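Participant: Here is my input, please return the structure:
(one chain, ligands or ions: 1)
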Amino acid sequence: MKWSNMYAPTLRDVPGNAEAVSHGLLVQAGFIRQLHSGHYSMLYLGQLVQRKVEAIIREEINGIGGQEMILPTMHPADIWKQSGRWDKMGEIMFTLEDRKGNANALGITHEEIFASVGTELTSYKQLPQLWYQIQIKFRDEARPKSGLLRVREFHMKDSYSFDVDWDGLDKQFDAHHDAYLRIFKRFGLDAFGVLASSGAMGGNSSVEFMVECPAGEDDVIKCPKCDYAANVERGTSVIPKIVDDADPETYERFDTPGVRTIKALEDAGHEANKQLKTLVMVADGETILAVVRGDHQLSLQKLSDQIGGPSELRPATPTEAKELLGAMPGSLGAVGVKGVRIYLDKELQGRTNMTTGANEDDVHYSGVNVERDIECTEWLDLREVQAGEECVNCGGQLDILRCVEVGHIFKLGTVYSEALGLNIANADGSTSPVVMGSYGIGVQRNMAVAVESNYDDKGIIWPMELAPFEVSIVPVKDDEETMAAATSVYESLLASNVDVVLDDRDVRAGVKFADTELIGIPLRITVGPKTLANGEVELTERRSGETQNIAVDAAAATVAEMVAAAK
Ligand SMILES: [Zn+2]
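Facilitator: Numbering: from 1, shown residues only. Okay, here's the model as predicted:
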């Protein structure tokens with residue numbers, strides 16, 4: 001590519017509305033432009049990188065037996081109703097009506113669609129299968145932000161595995177796990193797998209791949225001593241058991257005028273870890289109670305996952321809470337409450353002499369014996385882990401890291417094959433539903449995270465495998481000798497299949513250097529009369545800034561070798 005022909009609209013400054021490093025740099029360096037909130041155009045440079053991201057994914061997924069397909073983006077509502085997810089997805093799924101009044105969805109994921117293709121599988125002899133696509137998906141995000149990190153329209157690789165049994169699924173899951181780690185490494189990312197909530201995807205277990213990143217939206221529990229890592233929405237920890245040494249009391253009412261918070265009650269002499277925090281929640285229209293220790297936070301996702309994943313789970317309004325329990329938030333409790341599902345956090349098992357709201361404004365109970373006084377529906381792990389608590393595997397002190405999710409793999413089991421009638425005949429003549437897995441990687445999100453992990457004050461530093469151009473050639477003068485040498489190196493590199501751009505623009509050398517650095521091209525060959533006098537050109541590495549002189553005749557071969565070695 002000759003730069004003078006290229007549309008690479010670099011900007012002098014980072015745009016003022018940039019919410020993340022990658023957002024700012026990708027706009028400033030001319031890779032992307034926003035059409036409207038959550039929808040981005042990939043300009044030429046952006047598309048060059050996207051193609052490389054996709055090529056790496058293809059190579060690795062083909063390497064574990066993937067067969068590429070392309071399934072429709074727009075789906076009939078019926079197929080989503082068949083799986084029960086039409087309602088479950090709620091507002092996050094774009095829906096639209098066609099001219100006949102039929103409801104449709106813009107694909108947010110493709111489990112149902114791949115399963116429907118899979119219904120033509122009839123025999124165990126046809127399995128295993130691994131199918132995938134690189135496709136556009138839509139999500140109606142409430143708040144799209146941070147450039148390519150949270151969008152409403154995005155490209156994704158999603159693969160789906162089909163097996164006779166769980167052993168087969170385990171193998172395909174492990175193969176994806178390893179392929180994903182290879183993919184992220186090639187993207188220049190330091191990614192690690194964490195236990196995750198399967199959320200609306202259903203199924204039995206899932207692993208998210210995370211990269212530490214301040215622009216991320218996930219908190220990850222990580223043990224520095226062993227390999228334990230989990231999303232806070234899923235993970236757990238060990239905390240010291242509290243022994244109530246006082247004799248168990250009978251619960252007693254006491255007035256607490258104006259005391260409406262854990263803190264206020266603490267100030268009144270009741271330690272937070274001896275209080276019960278009662279949260280009134282609405283799960284698909286049903287009001288339920290969740291109770292955790294006063295100094296703990298309820299994890300909504302953990303609650304949701306353990307009560308069957310309701311479509312809607314939200315805190316009750318003060319009015320709803322009062323309707324159910326007779327008091328406003330601040331004086332609520334579960335003691336004596338009947339006919340309501342009450343979920344208690346496991347840390348409350350065996351606790352006595354606790355304090356809680358009495359369901360009358362400005363009144364509390366003391367001396368509550370949790371197991372005796374509260375009608376527990378089920379003990380669950382409901383609390384959110386805090387940094388510094390102990391690892392469940394090794395006792396190490398847990399860290400909590402801000403991360404961005406770069407991939408997610410799910411063991412779906414038979415949820416979708418049962419819903420869509422995807423059954424096969426086994427060797428013994430019996431019939432059973434196919435065991436499925438699903439595996440996703442966001443293409444453009446990974447492009448953005450690669451920038452988040454690889455930049456400096458001059459701009460982006462692409463890893464060689466993702467760079468839009470591997471080498472830029474910058475003639476610093478436009479005299480005949482300089483241009484002839486630059487063009488000769490350029491043509492030799494092209495002949496060696498190196499992705500090279502010749503900066504033949506009529507602009508100052510400083511502008512050329514700045515653009516090459518901002519765009520993040522890994523290698524720069526500077527050609528000018530000063531070094532040419534010695535038969536040499538200058539080679540500069542973007543990441544280290546190191547410069548060396550090399551013979552002009554050997555430049556193309558040397559650089560082609562460096563490019564190959566860096567991939
Ligand atoms: Zn550990």
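
Participant: Spatially, what comes nearest to Trp86 if we skip its sequence neighbours?
Facilitator: Nearest residue to Trp86 in three dimensions, chain neighbours excluded: Trp80, at 4.0 Å (Cβ to Cβ, 6 or more residues apart in numbering). C-beta coordinates here come from the backbone N, C-alpha and C atoms, glycine included.

Participant: Which secondary structure state is assigned to the one you found?
Facilitator: Judged by DSSP: H, G, I helix; E, B strand; the rest coil, the three-state class of Trp80 is helix.

Participant: for it, what are its contacts?
Facilitator: With contacts defined as Cβ atoms under 8 Å, 6 or more residues apart in numbering, Trp80 is in contact with 86, 89, 93, 105, 112.

Participant: What parts of the stretch 1-150 of the chain come near the ion?
Facilitator: Nowhere does the stretch 1-150 of the chain come near the ion, counting by Cβ under 5 Å from the ion.

Participant: tell me the SS of the residue nearest to Gly442 when sequence neighbours are not counted?
Facilitator: For Gly442, the nearest residue in space outside its immediate sequence neighbours is Met156; the separation is 5.2 Å by Cβ to Cβ, 6+ apart. Look at Met156: counting by three-state DSSP, its state is strand.

Participant: where's Met156 relative to Ser438, distance?
Facilitator: Relative to Ser438, Met156 is positioned 11 Å away (Cβ to Cβ, to the nearest Å).

Participant: repeat for Gly294
Facilitator: Going from Gly294 to Ser438 by Cβ to Cβ gives 40 Å.

Participant: Which of the two has more residues huddled nearby?
Facilitator: Just comparing Gly294 and Ser438: by other Cβ atoms under 10 Å the higher neighbour count belongs to Ser438, 25 against 21.

Participant: Break down the stretch 401-550 of the chain into its strands, ranges please.
Facilitator: Secondary structure of the stretch 401-550 of the chain, counting by DSSP state E, counting those that start in this stretch: strands at 423-425, 431-433, 435-442, 455-456, 459-460, 471-475, 500-502, 523-527, 536-541, 547-551.

Participant: most tightly surrounded among the ones you listed?
Facilitator: Greatest average neighbour count among those goes to strand 471-475 (a mean of 27), per mean count of other Cβ atoms under 10 Å.

Participant: residues in contact with that strand?
Facilitator: Residues outside strand 471-475 that contact it (Cβ under 8 Å, 6+ apart) are 3, 482-483, 485-486, 489-490, 493, 498-504, 509, 512-513, 516, 521-528, 559, 563.

Participant: Is there a quick ChimeraX command that grabs whichever of those residues are buried?
Facilitator: The buried subset of the contacts of strand 471-475, as determined by 16 or more other Cβ atoms under 10 Å, is captured in ChimeraX by this line:
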select :3,482,485,486,489,490,493,498,499,500,501,502,503,504,512,513,516,521,522,523,524,525,526,527,528,559,563
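
Participant: Filter the contacts of strand 471-475 down to just the ones in helices.
Facilitator: Using DSSP state H, 482-483, 485-486, 489-490, 493, 509, 512-513, 516, 559, 563 are the members of the contacts of strand 471-475 that sit in helices.

Participant: how distant is the helix or strand harbouring Thr319 from the center of its chain?
Facilitator: Assessed by DSSP states H and E, Thr319 sits inside helix 318-325. Using Cα atoms, centre = their mean, to the nearest Å, the distance from the centre of helix 318-325 to the centre of the chain it belongs to is 36 Å.

Participant: Same check on stretch 307-324?
Facilitator: Chain-centre distance of stretch 307-324: 27 Å, with Cα atoms, centre = their mean.

Participant: swap in stretch 235-254?
Facilitator: Shown here is stretch 235-254, whose average C-alpha point lies 37 Å from the average C-alpha point of the whole chain (Cα atoms, centre = their mean).

Participant: just curious, which of the ones in helices among the contacts of strand 471-475 is nearest to Trp379?
Facilitator: Of all those, the one with the least separation from Trp379 (Cβ to Cβ) is Val563, at 58.7 Å.

Participant: domains for this protein, by residue range?
Facilitator: The record's domain split for the chain, according to automatic domain parsing, is 3-235+400-452, 252-380, 469-565.

Participant: Using JSON lines, lay out these together with mean pLDDT and distance to Ile242.
Facilitator: Written out in JSON lines, the entries for these read as follows (pLDDT from 0 to 100; distance: least, Cβ to Cβ, whole Å):
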{"stretch": "domain 3-235+400-452", "mean pLDDT": "95", "distance to Ile242": "21"}
{"stretch": "domain 252-380", "mean pLDDT": "94", "distance to Ile242": "6"}
{"stretch": "domain 469-565", "mean pLDDT": "97", "distance to Ile242": "52"}
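
Participant: Which of the ones you listed sits closest to Ala387?
Facilitator: Between Ala387 and the domains of the chain, the shortest gap by Cβ to Cβ is with domain 3-235+400-452, which sits at 4.3 Å.

Participant: Run through the residues of this structure sitting next to the ion.
Facilitator: Among all residues of the chain, those adjacent to the ion (criterion: Cβ under 5 Å from the ion) are 223, 225-226, 228, 391, 393-394, 396.

Participant: For the residue nearest to Ile70 when sequence neighbours are not counted, give me phi and psi.
Facilitator: Nearest-residue entry for Ile70: Gln133, 5.2 Å, with adjacent residues in sequence omitted and distances by Cβ to Cβ, 6+ apart. Reported as degrees, to the nearest 10, the phi and psi values for Gln133 are phi -150, psi 160.

Participant: Gln133 - how many residues pack around it?
Facilitator: Taking other Cβ under 10 Å as the criterion, the count of residues near Gln133 is 19.
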